[in-house]
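K.L.:
build me a model:
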Amino acid sequence: MIIASRLLTHVGKLPPMVQQLGCINRGLKVSVVGSVGGIGQPLSLLLKLNPDIEKLSLYDIKNTTGVGVDLSHINTRASVCPFEGKDGLKKAMDKADIVVVPAGLPRKPGMKREDLVDVNATVACEVAVAASEVCPGAMLAFITNPINVIVPIVATILKAKGTYDPNRLFGVTSLDVVRAQTFVADILNSNPQKVNIPVIGGHTGRTILPILSQCDPPFNGTVKEREELIKHIQNAGTEVVNAKDGLGSATLSMAFAASHFINALIRGIKGSKDQCVVECAYVESDVTEAQFFATPLVLGPQGIEQNTGLPELDDEERKALDFMLPILKESIEKGIKIGEDMMNSCV
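P.N.:
Numbering: from 1, shown residues only. As a prediction, this is how the structure comes out:
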């Protein structure tokens, strides 16, 4: 009975971190929207392990209570509160410091990320509206695909609600970096966690641009080896979809990458004592002519502390960037248009 009471207690009592920097020493509230899905469950598990999370709030359409009870038996600090159904979203997000959104339809074989727009745009809109009402200062981290389109949709809705802060809205592209580190390490026979490589652009196909010229330790492959490695990184998500043979897309690796990013956000909020926190993410940007673009970001108590801009590019990477930009801009324009069209029904 004690566990059940603790589990079902409403957690939205603490003031939002973002208005008061003096509150950064307290435990944080993190809400996972889509917590029962293939990404949501392992992501929630990984976040339960973070000692800086005091409240882990779970939301999904149904079956959230079972996941919540299961997680609540883990002997870490975070108390777990499950919410579900139409009325549960705002309750789950109330006064959250961070909202991470893996909710949405996953890819199946033959599908592109862009094929998910119609269904997943509704998810993005609902979360944006709820955030505007119950946690307007929260960091919003979207995993929902297609990221290139979803983030501009959310930004458009938040602007309409008067709650948009470009420093607090992120498209999570960490999996592209994780994959790049892994694949490079396989070639170099090194520790992937010691590989440093920026991945810029977007989060689909050729908009994913690993900057191999800046890889540390250096990648000195031939032109062919370089081309094959870049394609491997860009098409890795499709490889997973095909390997799962209709049973889903990348879930475990995505959950790992997303938890890595959320943990980095938390370190930024708390103020890292050792060094600045730098992660790549897809955000509003003036670094290129694309309104949204992924680059390395310095994270701090207010979200993005500094956009470090484009890393140094070699000639081939510059050509790849030029090729990518029209594709990315088209996705962004599509997202803004969808957001504008949805405002009457969402806002």
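
K.L.:
let's verify the residue lying closest to residue 171 once chain neighbours are set aside: helix, strand, or coil?
P.N.:
Distance criterion C-beta to C-beta, 6 or more residues apart in numbering; nearest residue to residue 171, sequence neighbours excluded, is residue 282 at 3.2 Å. Glycine gets a C-beta too; all of them are placed from N, C-alpha and C. Classification of residue 282 by DSSP: H, G, I helix; E, B strand; the rest coil places it in strand.

K.L.:
residue ranges of each domain in this structure, please.
P.N.:
With domains defined by automatic domain parsing, the chain comprises 2-11+27-173, 174-330.

K.L.:
centre of the chain to the first one, how far?
P.N.:
The one in question is domain 2-11+27-173. Chain-centre distance of domain 2-11+27-173: 10 Å, with C-alpha atoms, centre = their mean, to the nearest Å.

K.L.:
residues contacting residue 31?
P.N.:
57-59, 92-93, 96, 98-100, 135, 138 (C-beta atoms under 8 Å, 6 or more residues apart in numbering).

K.L.:
quick one: which of those is nearest to residue 305?
P.N.:
Of all the contacts of residue 31, residue 305 sits closest to residue 98, with 15.9 Å by C-beta to C-beta.

K.L.:
these two touch, right, the closest one and residue 33?
P.N.:
No: here residue 98 does not reach residue 33: they are 11.1 Å apart, not a contact under C-beta atoms under 8 Å.

K.L.:
give me the more crowded residue out of those two.
P.N.:
Of the pair residue 98 and residue 33, residue 33 is the one with more neighbours under other C-beta atoms under 10 Å, namely 31 against 23.

K.L.:
for residue 175, see how far away the more buried one is.
P.N.:
18 Å (C-beta to C-beta, to the nearest Å).

K.L.:
repeat that for residue 268.
P.N.:
If you measure residue 268 against residue 175 using C-beta to C-beta, the figure is 19 Å.

K.L.:
could you do residue 76 as well?
P.N.:
Taken as C-beta to C-beta, the span from residue 76 to residue 175 is 24 Å.

K.L.:
between the two, which one's more packed in?
P.N.:
residue 175 (24 against 14).

K.L.:
ok, the more buried one - contacts?
P.N.:
237, 250, 253-254, 257-258.

K.L.:
ditto for residue 117
P.N.:
146, 149-150, 334, 338.

K.L.:
and the pLDDT for it?
P.N.:
Per-residue pLDDT puts residue 117 at 78.

K.L.:
CA-only coordinates of stretch 154-165 in CSV, if you can.
P.N.:
The C-alpha trace of stretch 154-165 is given here as CSV (Å, rounded to 0.1, in the frame of the first residue of the first chain):
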residue,chain,number,x,y,z
VAL,A,154,6.1,22.4,-32.2
ALA,A,155,7.9,25.8,-32.5
THR,A,156,5.0,27.2,-34.6
ILE,A,157,2.4,26.0,-32.0
LEU,A,158,4.4,27.4,-29.1
LYS,A,159,4.8,30.7,-30.9
ALA,A,160,1.0,30.9,-31.3
LYS,A,161,0.6,30.3,-27.6
GLY,A,162,3.2,32.9,-26.7
THR,A,163,5.4,30.4,-24.9
TYR,A,164,8.2,29.7,-27.4
ASP,A,165,11.8,29.8,-26.2
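
K.L.:
many thanks, we can stop here.
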